[in-house]
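Novice: the following comprises the amino acid sequence and a computationally predicted model.
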Amino acid sequence: MKPNRNHERGIEFLEICFDVFCKNGLEHTSLQMLSEACGVTNAALVYYFGTKDNIIIESTAYCMAKVEDDFMERAPKSVDDIERFLTEMPYITAKLHGEKYRFMYQVYASPRYREQGQAFFKGVNVRYRKYAEMLSGKLNMPADFANVR
């Protein structure tokens with residue numbers, strides 16, 4: 001988002017736009033659809049984000065980071081909790097976030113957004129490394145073992 005704007009309103013737009021993209025896909029979502037869902041004009045969204053491409057890039061990165069946070073909130077808290085985590089996560093991931101993952105891969109597999117996808121996944125690796133380090137003490141498992149590279 002451009003600086004010096006109402007940050008909370010911009011975040012709300014990112015979340016709404018991401019939901020619209022997830023429902024309609026990358027190629028079938030117009031700026032008009034996004035602005036109507038947000039309850040603003042096309043010009044207002046352009047004011048906040050500059051272009052539709054920026055909306056795609058920023059909403060995907062922001063909302064997928066939130067998905068990661070949700071995943072980590074559900075992470076095992078102890079060795080005894082690992083089974084719960086492994087049992088519930090495939091179902092929860094598919095039910096709550098399946099549409100989001102599909103859209104994210106649609107965006108980041110596109111040659112148009114390849115650079116942003118590479119940067120996003122680099123960030124994922126850094127964040128997951130931190131998660132693995134955080135969990136290593138709780139799970140009595142070395143962070144290198146828990147970390148997916």
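Specialist: Ah, there it is. Owing to the predicted nature of the structure, the values given are computational and were not obtained by experimental measurement. Residues are numbered from 1 along each chain as shown.
Novice: report the contact partners of residue 102.
Specialist: Shown in contact with residue 102 (C-beta atoms under 8 Å, 6 or more residues apart in numbering): residue 22. To be clear about C-beta, it is placed using only N, CA and C from the backbone, and glycine gets the same treatment.
Novice: can I get the CA coordinates of stretch 40-50 in PDB?
Specialist: C-alpha atoms of stretch 40-50 as PDB (Å, rounded to 0.1, in the frame of the first residue of the first chain):
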ATOM      1  CA  VAL A  40     -15.900   2.100  -3.000                       C
ATOM      2  CA  THR A  41     -15.200   3.400  -6.500                       C
ATOM      3  CA  ASN A  42     -12.500   2.100  -8.800                       C
ATOM      4  CA  ALA A  43     -10.600   5.300  -8.200                       C
ATOM      5  CA  ALA A  44     -10.600   4.700  -4.400                       C
ATOM      6  CA  LEU A  45      -8.900   1.300  -4.900                       C
ATOM      7  CA  VAL A  46      -6.400   2.800  -7.400                       C
ATOM      8  CA  TYR A  47      -5.700   5.500  -4.800                       C
ATOM      9  CA  TYR A  48      -4.900   2.900  -2.200                       C
ATOM     10  CA  PHE A  49      -2.900   0.400  -4.400                       C
ATOM     11  CA  GLY A  50      -2.000   2.100  -7.600                       C
END
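Novice: quick one: contacts for the residue most central in space within the chain?
Specialist: The centroid of the chain falls nearest to residue 64 when counting by C-alpha atoms, centre = their mean (0.5 Å). Shown in contact with residue 64 (C-beta under 8 Å, 6+ apart): 100, 104, 120.
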